[in-house]
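>>> Attaching a predicted model along with its sequence, questions to come.
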Amino acid sequence: MKRKQEELHAQGFTIIELMLAIAIAGIVMASFYSVYISQQSSYLRQEKVASMHQNIRSAMYYMGREIRMAGLDPTGEAGAGIQSDSSASSIHFTEDISGQNGNGPPDGDTGDTNEDITYSLTDNDGDGDTDLVRNTGTGNRLIAENIMSLIFKYWDGTGETEATPSASRFVDITLKAVTDDGSMDRTITARINCRNLGY
């Protein structure tokens, strides 16, 4: 009798026990996979948002720093400033920051390297989205990708009355960027005091 009981215990799992164990393991694995997919999706979304924010902030910083210097004219002979062909969607300005070929002190004209500058939107790389570019007469240089809109507003010396671009002293810049897949966007605005333009 004792031997018969030992034989019964040595037989192992029944098919029902085995199927039940497999079903429980499958449910546990499915829940782990679901959590993993959710976390991966959240990580990728946050990475896209972070990239978009960095893109738009660096573009605003770069553009604002340069527009702030519009009209720099130490010799008083260059006629530097915001040009009349600037519009709500692009800005064209000059500054006398160096001598011939970017060397030496200001030389009284704005025809040298990096002294005649335009910011605008275009599809610079042909991928179907618009990019912020900087042009100094030698071709477009990419500043930021996936910029949906760029708007400039020009203000007089008090900063309260809209002015023609060439008579402005302050410039409001509004940039709207999107993620690579276009699922999210962000808009930022900054007012730039063009400190080299007369008051």
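On my side now, so go ahead.

>>> Mean pLDDT per helix and strand in the chain: which one sits at the bottom?
Sorting the helices and strands of the chain by mean pLDDT, DSSP states H and E puts helix 2-9 at the bottom, at a mean of 58.

>>> Can you name the element that comes right after that one?
helix 15-68 (DSSP states H and E).

>>> How far does that next one sit from its chain's centre?
Relative to its chain's centre, helix 15-68 lies at 21 Å (C-alpha atoms, centre = their mean, to the nearest Å).

>>> pLDDT value on residue 102, please?
pLDDT recorded at residue 102 is 74.

>>> Look up which helix or strand the nearest residue to residue 130 once chain neighbours are set aside falls in, please.
Leaving out its chain neighbours, the residue that sits closest to residue 130 by C-beta to C-beta, 6 or more residues apart in numbering is residue 121, at 4.5 Å. Just so you know, the C-beta spots here come from the backbone N, C-alpha and C atoms, and that holds for glycine as well. Secondary structure from DSSP H and E places residue 121 in strand 116-122.

>>> ok and the helix or strand just after that strand relative to helix 15-68, angle-wise?
Toward the C-terminus, strand 116-122 is succeeded by strand 131-135 as the next helix or strand (DSSP H and E). Compare the direction of strand 131-135 with that of helix 15-68 by axes from the mean of the first three to the mean of the last three C-alpha atoms, to 10 degrees and you get 30 degrees.

>>> Tell me the helix or strand right after strand 131-135.
Counting by DSSP H and E, what follows strand 131-135 is strand 140-144.

>>> next helix or strand past that following strand?
Trace forward from strand 140-144 with DSSP H and E and the next one is strand 147-155.

>>> List the contacts of that next one.
56, 59, 82, 86-91, 119-121, 130-132, 161-165, 167-178, 185, 191 (C-beta atoms under 8 Å, 6 or more residues apart in numbering).

>>> hmm, which of these are the buried ones?
56, 59, 82, 86, 90-91, 119-121, 130-132, 163, 165, 168-173, 175-178 (16 or more other C-beta atoms under 10 Å).

>>> Report the residue spans of the protein with pLDDT below the cut-off.
Low-confidence segments of the chain, defined by pLDDT under 70: 1-11, 199.

>>> one more time with 90, if that's ok
Within the chain, the stretches with pLDDT under 90 are 1-15, 74-80, 97-114, 124-129, 137-139, 157-163, 166, 180-183, 197-199.

>>> excluding its backbone neighbours, what's nearest residue 165?
Using C-beta to C-beta, 6+ apart and skipping the chain neighbours, the partner closest in space to residue 165 is residue 86 (3.7 Å).

>>> One more: residue 179?
residue 48 (4.2 Å).

>>> just checking, residue 175 touches residue 60?
Yes: using C-beta atoms under 8 Å, residue 175 is in contact with residue 60, at 5.8 Å.

>>> Give the buried residues for stretch 106-116.
Applying 16+ other C-beta under 10 Å to stretch 106-116 flags 106, 107, 109, 110, 112, 115, 116 as buried.
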